[in-house]
Structure formats: C-alpha cells, structure tokens
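# Sequence below, structure please.
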Amino acid sequence: MLFAMNNEVDRAGLFEFVRDRKQWILTTMKASGGMQMSPVTGAIGAGETLMIATYPERAKVLNIRRNADVSLCVLSDDFGGAWVQVDGQADIVDLPEAMEHLIDYYRSAAGEHPDWDDYRAAMERQEKCIIRIRVTGWGPVATGGFPSSKKAMFEKWQPGGELADDAKRSPQMFDD
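Below is the predicted model:
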C-alpha cells in the first residue's frame, strides 16, 4: 500500500500498515498525571490485538494497571518514514495465563521458534507478562516532509534550483 503525506485509513488499512512495523513508542499515564513513554517491540496478535511482551515490574505495566488508556506511535524502520498514532485500552496478562499470548506475540514478531519448550521455559524463568491493547482509535498514516503548500519553495532551494547558492549559506533554514 502506498501512503501519501497524511492518509486516512480504515481499520483494515491500519492493521496492514502496523503488521510489518515492530518499533513502537508506548505512552502510558504516570500516577502523577504525566506521560511515560517507552520504546517497545510490538506485534499484532489474534483478534487484531496489539501486543507487547515485558516484565511486570516495568513502569509501563504499573501505569496500565492503574489507567488502561494508552497511545502508541508506530514507526517505520527508517526514522523519516511513515508512522501512525494508535489509541487504545490496555490490559496486562500475567503468567501462567500469559503463556499462549507470549507464543502468539513471538510468532507475530519473529515467526516460528526452533524450540517452543525452550521458549516457554525462558518466559517462565524471566517471569514475563504481556500487554494487550484493544484499538479504540487512530490518526492518519503520516510521513512528514514538506506540506504541499511549501513544496515549490523547497524545490527552489534544491541543487539546480534558483536559490541553491543561497541554501549553502543558510543551513538552518528548514529547522522545525
């Protein structure tokens, strides 16, 4: 699927976009009311549930146990690539109930494991849990860059453009 600068997508389009993107920023609410942001590896589980494997002691888990409202920024592999914000309601599943979800997470994130018994033992040893997120809303898939209203101006400053020589003397001109 080709995504324009800001592309509204339906639920199927959202999950198509998210499916191959594993780098997410999870935002939860601290007890103080501030935001906690955590870089995570995410995956799509059964029933279009977004999943993150983690440890019960992590701040993100404690925050979710207190307030289930979360937001994610799902990033592309290249930092300047397309991204989308996803909002949802999260819950925490602890072991032993978490095991099948952890297996579902691994399959979605990395494929088949060479030794599922070894994987299960490692999850138990590490006392992992799973964050499951039910999607409640999302924004458009965005790519950043120059808005179309600024494109012509930008092109004038590119090599060969009428203002290219001035651009060499003004490297800060495009700061956000």
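
# From here on, just use CA atoms for contacts and neighbour counts.
Will do.

# tell me the domain ranges of the protein?
As recorded under automatic domain parsing, the domains making up the chain are 6-144, 146-176.

# how far out from the middle of the chain is the longest one?
It refers to domain 6-144. Its chain's C-alpha centre and that of domain 6-144 lie 7 Å apart, by C-alpha atoms, centre = their mean, to the nearest Å.

# Check the average confidence over it, would you?
On average, the pLDDT along domain 6-144 is 95.

# Of the domains of the chain, which stretch is the most buried?
With neighbours taken as mean count of other C-alpha atoms under 10 Å, these reach their highest mean count in domain 6-144, at a mean of 17.

# F79 in helix, strand or coil?
coil (DSSP: H, G, I helix; E, B strand; the rest coil).

# er, N63 I mean
Classified using three-state DSSP, N63 is helix.

# Quick check: the closest residue to R66 other than its chain neighbours vs N63, distance?
In space, R66 comes closest to A31 once its chain neighbours are excluded; the distance is 7.7 Å by C-alpha to C-alpha, 6 or more residues apart in numbering. Using C-alpha to C-alpha, to the nearest Å, we find A31 at a distance of 7 Å from N63.

# hang on, the earlier thing: can you classify the residue nearest to R66 as helix, strand or coil?
The local conformation at A31, judged by three-state DSSP, is coil.

# ok, it to T41 distance?
When distances are taken as C-alpha to C-alpha, A31 and T41 turn out to be 24 Å apart.

# that's a strand at F17, yeah?
No - when the secondary structure is assigned by three-state DSSP, F17 falls in helix instead of a strand.

# What are the boundaries of the helices in this protein?
With helices called from DSSP state H, the chain shows them at 11-19, 59-66, 99-110, 116-126, 148-157, 164-169.
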